[in-house]
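Peer 1: here you go, sequence then predicted model.
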Amino acid sequence: MAVTVYGIANCDQCRKALAWLREHGIEHRFHDFRVDGLDRRMLERWCSHLPWNSLLNRRGLTWRGLDDAARTQVVDQASAVELMLAHPTLVKRPVIVLDDGLQLGFSAQRLAAALLPAEAR
């Protein structure tokens, strides 16, 4: 199974997800938004699986650092995608892409259910 973890290297939740994958011997690829970038097609594909407002991290420092005008312009998927493209750290992390879908945020239980055989959970 192909597993790609999208996020940023210094994010605690990304580090936990990557450590969990290594601990369980699961091959994976890490895509760092700051190094490898973020593109519109990727965000729109994720928005087809998850609501755009769950992808937009409104709790982080980047969101709090935006002025009110920028925050109030986010009213739909298109405006959220534009803002996340301009500020990739606004994407909730990690985004874990699996063969059969994607997971948002790190959850050992959800990863185990998706990636490990029943007897190994």
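Peer 2: Yep, it's here.
Peer 1: how close does Val74 sit to Met42?
Peer 2: Applying CB to CB, to the nearest Å, the value for Val74 to Met42 is 18 Å. The C-beta positions use only the backbone N, C-alpha and C, and glycine is treated the same way.
Peer 1: so what's the most centrally placed residue in the chain up against?
Peer 2: Geometric centre of the chain, nearest residue: Val95, 2.3 Å, by CA atoms, centre = their mean. The contact partners of Val95, by CB atoms under 8 Å, 6 or more residues apart in numbering, come to 5-7, 46, 55, 102-104.
Peer 1: separation between it and Ala2?
Peer 2: Here the distance between Val95 and Ala2 works out to 14 Å (CB to CB).
Peer 1: what of Gly25?
Peer 2: As judged by CB to CB, Gly25 and Ala2 stand 15 Å apart.
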